[in-house]
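Colleague: dropping a prediction and its sequence here:
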Amino acid sequence: MSVITATRNGRASKRMPVESAGAVLPTRLDTLTSLRFFAAFAVFAHHFTGVGNKTGFGLAPSIFPYSEMGGHGVTFFFVLSGFLLTWVYKPHEHPFAFYIRRVARIWPATLVAAVLAYYVFYERANLAVEWKSFIASLFLVQNWLPDATPTLPGNPVTWTLSVEILFYALFPLLARFVVRMRTPLLVGLTVVGLVCMWAVNWWAFDSLEPATARWVMRHPLVYLPQFLLGMTVALLLRRGFRIPMRPIVPLALLGAYVYGYFQLRASLSAAYDAQLEYTLRPTVAVIAALIIIAFVQREIAGHRGLLNKKPLILLGVWSFSFYLLHHAVIRFATYEWGRGQDRDSVLFTMLGMGLVIVAMSWALYRFVEEPANRWLVRRIPARWRPAPPAAPAASGTPAAPAASEASSTR
């Protein structure tokens, strides 16, 4: 990390952290694009196997209950969103232009996927529509409703987009302060935020009715520390911070944590088991951050591996559509053919269903998500577009290039 000292009236001003002069950073992070698909597939595996023999299409003993941890693939999405938006942050971009870009990326595909969700989760389920909750889900504000019916109305998976929307709303203002913070303060605030996440979880389930506690832990405000963690990691890497760590290390740590989490639960007392649950979200967020650091460092250094191959990058590009569609397809299959048998052979069904959803995701991306995004972005008024960066002073030191919006952002 480097710092600069500006002068005003001959007096030194407060030193501010900046990127290393002349640092060459990639404008695309293909490994993160590919990792998005694996996170989305983890969520799919969780919904496919369910939480027992009453939900999901079929339980595969070889991966259950470990597949339940796949639901926390959304934690990776939250940390990744904070990282990527900070990585490509444009200080001169008008907030309204930023909002249009975010809406253009997520809303059109969300609305189209809601049609399938309505048919599956209401018509096929013979469930009456509670319109306030359903409409709230279309505008991605359902998590703010303590009395939403059902608990996750509309397309259930869009509860995470309700969380993302709050972060998007705050980002233009939040980024102005965060990018100017000194590194120790930034890291300290991030740690405090994650500790508060644990404390809120503990307080909610210790003090409130279970239904209310679950609503509190779905509330968008609770997840802001995970976004801040992603922002912090992006700024640390841009300031030159590095950890000598290969990607296999955090991936192995994730595997060990998932295994240990479920093995420990059988032997812990109720109090310790509760604490294991309360620390789950911040712990997975930290592991997600380490995974991002390891792969981004590798890409910055110029290494290319499997995650840089075009097939995986394309799967990552389609992963948002995959995420929007997967739960409805699983539930439709369950209504149409009944639950599968609870044995490992159901894994072949899971892979087959995954391929079907990938094909549907390609179509949703190709004909809705991407064209709608381009159409809306082209209509951002010129007065809201970022001003060109000022020419650097003739000091002989090249300025760090501004990163364009990476392909891995949603």
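Modeller: Now that the structure is in, tell me what you want to look at.
Colleague: with adjacent residues omitted, what lies nearest to Thr349?
Modeller: Counting by CB to CB, 6 or more residues apart in numbering, Thr349 lies nearest to Gly340, which is 5.5 Å off, once chain neighbours are set aside. The C-beta positions use only the backbone N, C-alpha and C, and glycine is treated the same way.
Colleague: wait, the one you found sits on Phe57?
Modeller: Yes: Gly340 is within contact range of Phe57, at 5.3 Å (criterion: CB atoms under 8 Å).
Colleague: shared neighbours, the two?
Modeller: Shared contacts of Gly340 and Phe57, defined by CB atoms under 8 Å, 6 or more residues apart in numbering, are found at Val346, Thr349.
Colleague: phi and psi next, for the residue nearest to Thr349.
Modeller: With angles defined as degrees, to the nearest 10, Gly340 sits at phi -80, psi 170.
Colleague: tell me how far it lies from Val284.
Modeller: 28 Å (CB to CB, to the nearest Å).
Colleague: rewinding a little: for the residue nearest to Thr349, what are its contacts?
Modeller: Contacts for Gly340 (CB under 8 Å, 6+ apart) come out as Phe57, Gly58, Val346, Thr349.
Colleague: next one: Ala288
Modeller: Ala288 makes contacts with Thr75, Phe76, Val79, Leu80, as judged by CB under 8 Å, 6+ apart.
Colleague: how about Val103: what's its closest non-neighbour residue?
Modeller: Using CB to CB, 6+ apart and skipping residues adjacent in sequence, the residue nearest Val103 is Leu376, 7.1 Å away.
Colleague: now the host helix or strand of the one you found: average pLDDT?
Modeller: In the assignment (DSSP states H and E), Leu376 maps to helix 370-378. Per-residue pLDDT values across helix 370-378 average out to 96.
Colleague: what sits up against that helix?
Modeller: Taking contacts as CB under 8 Å, 6+ apart, the residues outside helix 370-378 that touch it are Ile100, Arg101, Val103, Ala104, Arg105, Pro108, Ala109.
Colleague: next step: these restricted to helices.
Modeller: Ile100, Arg101, Val103, Ala104, Arg105, Pro108, Ala109 (DSSP state H).
Colleague: with pLDDT and distance to Thr33 as added columns, please give those in TSV.
Modeller: As requested, these are exported to TSV (pLDDT from 0 to 100; distance: CB to CB, whole Å):
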residue	pLDDT	distance to Thr33
Ile100	95	22
Arg101	95	17
Val103	96	21
Ala104	96	18
Arg105	95	14
Pro108	97	20
Ala109	98	17
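Colleague: most neighbours out of those residues, which is it?
Modeller: Comparing the ones in helices among the contacts of helix 370-378 on neighbour count, Ala109 comes out first with 24 neighbours (neighbours: other CB atoms under 10 Å).
Colleague: flag the shaky bits of this protein, pLDDT-wise.
Modeller: 1-23, 52-53, 386-410 (pLDDT under 70).
Colleague: which residue, other than its chain neighbours, is closest to the residue nearest the centre of it?
Modeller: The centre of the chain sits closest to Phe77, judged by CA atoms, centre = their mean, with a distance of 1.3 Å. Setting aside the residues directly before and after it, Phe77 is nearest to Ala39 in space (CB to CB, 6+ apart), at 6.1 Å.
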